[in-house]
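>>> the following block contains a protein sequence and its predicted model.
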Amino acid sequence: MQTKLLNLLKIIMAAASFLLTFEFFNLQTSFAEQPDCLMCHEPLSKEKVVHAALQMGCPTCHSAIDATDIPHKKTNKIAKGLSSDQPDLCYDCHDKSMFSKKVIHPALGMGCTSCHNPHSSKNNKLLVSEPPDLCYNCHDKTKFNGKTVHPPVMGGMCTSCHSPHSSDTEKLLLSKPPALCFNCHDKTTFEQRKPHMPVASGLCLTCHAPHMSGNLALLVKPMFDLCTSCHKTQSSGTHVLAGPRGSHPIKQGTPDPSRTGRDMGCSSCHNPHGADFDKLFYQQGIYKKCHKY
């Protein structure tokens, strides 16, 4: 009985050895049958930032390419022998919810590779070029160049305000004003006792252009025109006094005696964002700002 068990054990061990040898041979053959794509396509992986998918092997994305012969054969009808079209292919790894919020960047309809290199790039995020030049491929550059340019725009920081893919906020903003604006602008300077109504309502873009303007302080109109669009009773161009000396000029063109290089205007006396004094005056007895009596 013991001899029979011993012989049976030897048979089982021999069979296991054969199976392991067979599987190893098949594995070796399988590796041998997979061409090393980088022998020919090495430049695709040589830039500073390499797509993580390359480490998963080329067939991960190009599943319908038979690279055992040259020229390669494509076994499906999708461009480049991809396993599926963009963006579905990319969603195999990337979270689809990040690209399908309420407001979607139209560029997504052009395919992920309109902005990102699928293999490697010298730019962060595998971008084909750095912002803002990348954005100017679709957006008119002249709309971002003007007399006064918002510093984030000047620095090419488009994605500091806008999501490049999708957002739940209009204009692809990362958050709504004024919360977005307070990422850079000190919120405490807008929390005076008497805030200007547009400021209290978070209407930053009612007065300021977000990208560039031909006016001081990124105003959407010259100051006089902007202020009188709400304060219509001041549209005569003079203000407060009407005696022998004439009234305060608040249209552009008259130098401001208290601010070198600036014209007299509404903001000479009134803080456009808010103040601790009535009528948004910078100080009590505002006349002392210019008049020494």
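Great, that's in hand.

>>> contacts only, for the closest residue to Q192 other than its chain neighbours.
Ranked by C-beta to C-beta, 6 or more residues apart in numbering and with sequence neighbours excluded, the top spatial neighbour of Q192 is G274, at 3.6 Å. Every C-beta, even on glycine, is put in place using the N, C-alpha and C of the backbone. By C-beta atoms under 8 Å, 6 or more residues apart in numbering, the residues touching G274 are 190-196, 199-200, 280.

>>> helices along the stretch 101-250 of the chain, start to end?
Applying DSSP state H, counting those that start in this stretch to the stretch 101-250 of the chain gives helices spanning 151-154, 197-200, 204-207, 223-228.

>>> quick one on the thing from earlier: the residue nearest to Q192 pairs with what?
Applying DSSP bridges to G274 gives these bridge partners: P195.

>>> and P152, what does it touch?
Counting by C-beta under 8 Å, 6+ apart, P152 has contacts 158, 160-161, 184.

>>> check C61 too.
So C61 contacts 53, 82-83, 89, 118 (C-beta under 8 Å, 6+ apart).

>>> between these, which is closest to D133?
Nearest to D133 among those: P118, at 19.6 Å, using C-beta to C-beta.

>>> quick one: residues contacting that closest one.
51, 53, 61, 112, 126 are the contacts of P118 under C-beta under 8 Å, 6+ apart.

>>> in those, find the pair that's most separated.
C61 and L126 (13.6 Å).

>>> returning to what we had before: looking at the contacts of P118, state which has the most neighbours.
Highest neighbour count within the contacts of P118: C61, with 23 neighbours (other C-beta atoms under 10 Å).

>>> please enumerate the strands of the protein.
Assigned by DSSP state E, the strands in the chain fall at 49-50, 65-66, 73-74, 103-104, 120-121, 148-149, 166-167, 194-195, 212-213, 238-243, 246-249, 274-275.

>>> ranking those by mean pLDDT, which is last?
Ranked by mean pLDDT, these bottom out at strand 238-243, with a mean of 60.

>>> returning to what we had before: can I get the helices of the stretch 101-250 of the chain in TSV with mean pLDDT?
Listed next are those as TSV, based on pLDDT from 0 to 100:
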stretch	mean pLDDT
helix 151-154	96
helix 197-200	94
helix 204-207	96
helix 223-228	91
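
>>> what's the closest non-adjacent residue to C266?
C227 (4.6 Å).

>>> N271 now?
Leaving aside its sequence neighbours, N271 sits nearest to L280 (C-beta to C-beta, 6+ apart; 5.1 Å).

>>> just the pLDDT at F22, thanks.
42.

>>> spatially central residue in the protein, please.
T159 (2.0 Å; C-alpha atoms, centre = their mean).

>>> ok, that one - contacts?
With contact set as C-beta under 8 Å, 6+ apart, T159 has these partners: P131.

>>> how close does it sit to H105?
11 Å (C-beta to C-beta, to the nearest Å).

>>> same question, G57
30 Å.

>>> these two: which is more packed in?
H105 (18 against 11).

>>> what's the end-to-end length of stretch 260-277?
From its first residue to its last, stretch 260-277 covers 24 Å (C-alpha to C-alpha, to the nearest Å).

>>> burial count for the closest residue to A79 other than its chain neighbours?
Excluding its sequence neighbours, the residue lying closest to A79 (C-beta to C-beta, 6+ apart) is D85, at 7.8 Å. Number of residues near D85 (other C-beta under 10 Å) recorded here: 11.

>>> for the one 10 residues further on, same thing?
Counted with other C-beta under 10 Å, residues neighbouring D95 total 8.

>>> cool, the one 4 residues further on as well?
When neighbours are defined as other C-beta under 10 Å, F99 has 18 of them.

>>> and it, how far from S229?
For F99, the distance to S229 - C-beta to C-beta - is 39 Å.

>>> H94 too?
45 Å.

>>> repeat that for S258.
In terms of C-beta to C-beta, S258 sits 25 Å off from S229.

>>> about what we covered before: redo the helices of the stretch 101-250 of the chain as TSV? Include distance to G237.
Conversion of the helices of the stretch 101-250 of the chain to TSV gives the following (distance: least, C-beta to C-beta, whole Å):
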stretch	distance to G237
helix 151-154	32
helix 197-200	22
helix 204-207	20
helix 223-228	7
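
>>> nice, that's everything, thank you.
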